[in-house]
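Novice: Okay, sequence plus prediction incoming.
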Amino acid sequence: MPRRSRLVLSGIPVHVIQRGNNRGACFFADGDHRFYLEWLEEYAHTCGCLVHAYVLMTNHVHLLVTPQSSDSVGALMKRLGQRYVQYVNRTYRRSGTLWEGRFRSCLARDAHYVLGCYRYIELNPVRACMVSHPAEYRWSSFRANGQGEHSSLLTPHAHYEAMGQGDRDRQTAYRELFRHELDPGVIDEIRSATNGNYALGNERFRKEVEAALGRRASRGRAGRPRKSPDAATWE
């Protein structure tokens with residue numbers, strides 16, 4: 001069965017996750033994280049992606065990016081993944097695959113879901129019980145988005161910028177979002193859409209994506225297709 005092509009639209013944020021092969025580790029030392037982020041910045045620029053949020057976990061990566069063209073995300077992840085595998089194989093004298101395979105992704109547009117992806121990404125270390133607050137984790141974008149730490153990698157999304165009149169106001173409002181855990185229903189929606197390559201949002205957004213791309217952008221109904229009694233085709 002052919003693989004479904006990715007849902008990507010220029011100017012619409014994409015939540016990306018890439019896992020280590022068999023959920024194995026892909027970061028082993030601080031230098032690995034620094035190398036990945038350095039080339040993420042380089043390739044995001046050359047491939048036409050704006051990076052809004054990220055977290056580098058031990059065995060997977062989350063990114064929130066806005067592509068400037070339909071092939072920007074694919075080009076970014078391909079070049080970055082290859083560069084990083086070469087580095088890891090050379091550094092640790094290993095060979096073979098490092099990543100699980102194709103990265104997974106979903107589209108998001110509305111503020112509720114875009115900011116939900118911000119929180120979902122930066123709260124990963126908290127959900128994994130690695131830290132008690134996202135500011136304690138070095139390898140995520142929270143310190144930049146929530147505390148104003150300088151980052152040449154990040155470009156604030158318009159929904160983030162709308163949270164306040166200036167940087168300090170925005171950071172205060174952003175930190176306020178992290179006073180409470182992310183709603184489990186939103187977590188499930190983000191996971192389902194990302195794993196299934198669907199549009200994350202309401203029915204109107206999904207219909208708009210389907211109209212723009214000419215294919216399904218939400219999960220199909222379970223079960224075998226039903227044959228119409230008035231036609232010889234499956235509906």
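Specialist: Yes, it's here.
Novice: Show the low-confidence segments of this protein, by residue range.
Specialist: Within the chain, the segments meeting pLDDT under 70 span 1-4, 220-235.
Novice: Go again with 90.
Specialist: 1-9, 23, 70, 95-97, 101-102, 180-181, 205-206, 210, 212-235 (pLDDT under 90).
Novice: can you map out the helices along it?
Specialist: Ranges of helices within the chain are 30-47, 72-92, 111-122, 124-127, 142-147, 158-161, 167-177, 184-196, 203-213, based on DSSP state H.
Novice: buried stuff in the fourth one?
Specialist: Along helix 124-127, the positions that meet the burial threshold by neighbour count (16 or more other CB atoms under 10 Å) are 124, 125, 126. C-beta here means a position set from N, CA and C on the backbone, and glycine is covered the same way.
Novice: May I see these organised as CSV, with distance to residue 118 added?
Specialist: Converted to CSV, these look like this (distance: CB to CB, whole Å):
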residue, distance to residue 118
124, 12
125, 14
126, 14
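Novice: Among the residues you listed, find me the one that's closest to residue 101.
Specialist: residue 124 (20.4 Å; CB to CB).
Novice: Distance check, the residue lying closest to that closest one once chain neighbours are set aside against residue 33.
Specialist: Ranked by CB to CB, 6 or more residues apart in numbering and with sequence neighbours excluded, the top spatial neighbour of residue 124 is residue 55, at 4.8 Å. Taking CB to CB, to the nearest Å as the measure, residue 55 falls 10 Å from residue 33.
Novice: on that earlier part again, could you pull up the contacting residues of the residue nearest to residue 124?
Specialist: 61, 62, 121, 122, 124, 125, 137, 139, 140, 141 (CB atoms under 8 Å, 6 or more residues apart in numbering).
Novice: Next, work out how far apart the third one and residue 48 are.
Specialist: Yep, that's residue 121 we're talking about. 21 Å.
Novice: So which of those two has more stuff around it?
Specialist: Neighbour tally, residue 121 and residue 48, criterion other CB atoms under 10 Å: the higher count belongs to residue 121, 25 against 18.
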